[in-house]
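Engineer: quick one: sequence plus predicted model below, questions after.
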Amino acid sequence: MSLIQKLKAYLDDAFKIKDLGELGYFLGIEARRNEAGLNLCQRKYALDILTETGFLECKPASSPMVPGLRLYHGDGELLTDIGSYRRLVSRLLYLTATRPDIAYVVQQLSQFVDAPTNKHISAAHHVLRCIKRAPGQGIFYPKGEALQLNMFSDSDWATCSETRRSITGFCIFFGDALISWKSKKQTTVSRSSSQAEYRVLVLRNLKD
């Protein structure tokens, strides 16, 4: 605590900061600390999204995406209000700060902000139904002395039907705490599932 106090005093001399006490709410992220650890969630932010889109009373869904669903450019009727789709996707992107379970589907939806269709918005609405099931779901950082860094990664070969690129996903744990995760399309086309997995290994080594 003495080191923390010295740092706060140094920052106050340089920038004139104000100590607001223990963290509770910051930029839409709610923090709750107890004897077991720290829990971060965006419950209020998630409920605001549901209220704004009219999905506050919708029927909940158990998964963020319909299994086997494939989205394409030009698949369906072009939306007349493109701005609403873009706003929704941008808000969902910020929600992934504490919701890694929706990272993959939001990555998929963000590819169609230039020309979204009724099928794309339908997939986005399915994400909202999943959020309704547990708006307070977030990330828990347990107390512990484990300082080992572990990374888990995988790839889905040639998932993108338009470019034939594979999708890479990874998550990084510091002890038992999830500290980083991502779902992204690989920059080049892999000729086989083995090559796609090899590119994931290269990415993991770069992260290390």
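Structural biologist: Right, received. Where do you want to start?
Engineer: for the spatially closest residue to Met151 that is not a sequence neighbour, grab the count of nearby residues.
Structural biologist: The spatially closest residue to Met151, leaving aside those adjacent along the chain, is Ile172, at 4.8 Å (C-beta to C-beta, 6 or more residues apart in numbering). For the C-beta atoms, the positions are set from N, CA and C on the backbone; glycine is no exception. Number of residues near Ile172 (other C-beta atoms under 10 Å) recorded here: 18.
Engineer: got the contact list for Ile172?
Structural biologist: When contacts are counted by C-beta atoms under 8 Å, 6 or more residues apart in numbering, Ile172 is found next to Leu149, Asn150, Met151, Phe152, Leu178, Ile179, Ser180, Trp181, Lys207.
Engineer: would you mind measuring from it to Glu52?
Structural biologist: Remark: distance between Ile172 and Glu52 (C-beta to C-beta, to the nearest Å) = 32 Å.
Engineer: quick check: phi and psi at the residue nearest to Met151.
Structural biologist: For Ile172, the backbone dihedrals (degrees, to the nearest 10) come out as phi -120, psi 130.
Engineer: cool, and Ala46?
Structural biologist: The phi and psi values for Ala46, taken as degrees, to the nearest 10, are phi -60, psi -40.
Engineer: what sits against it?
Structural biologist: Neighbours of Ala46 in contact, by C-beta under 8 Å, 6+ apart: Leu95, Ile131, Pro135, Gly136.
Engineer: before we move on, which element is Ala31 in?
Structural biologist: Assignment of secondary structure by DSSP states H and E places Ala31 within strand 29-33.
Engineer: mind saving the C-alpha coords of that strand as CSV?
Structural biologist: What follows is strand 29-33, C-alpha atoms only, in CSV (Å, rounded to 0.1, in the frame of the first residue of the first chain):
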residue,chain,number,x,y,z
ILE,A,29,-17.7,-1.6,-16.9
GLU,A,30,-18.9,-2.6,-13.4
ALA,A,31,-16.3,-3.9,-10.9
ARG,A,32,-17.2,-5.9,-7.8
ARG,A,33,-14.5,-7.2,-5.4
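Engineer: contacts for that strand next, please.
Structural biologist: Under the criterion C-beta under 8 Å, 6+ apart, residues 22-25, 38-45, 97-98, 138 lie in contact with strand 29-33.
Engineer: which one is the residue nearest to the spatial centre of the chain nearest to, not counting chain neighbours?
Structural biologist: Among the residues of the chain, the one closest to the centroid is Thr96, at 2.3 Å (C-alpha atoms, centre = their mean). The shortest distance from Thr96 to any residue that is not its chain neighbour, by C-beta to C-beta, 6+ apart, is 4.9 Å, and that residue is Ala103.
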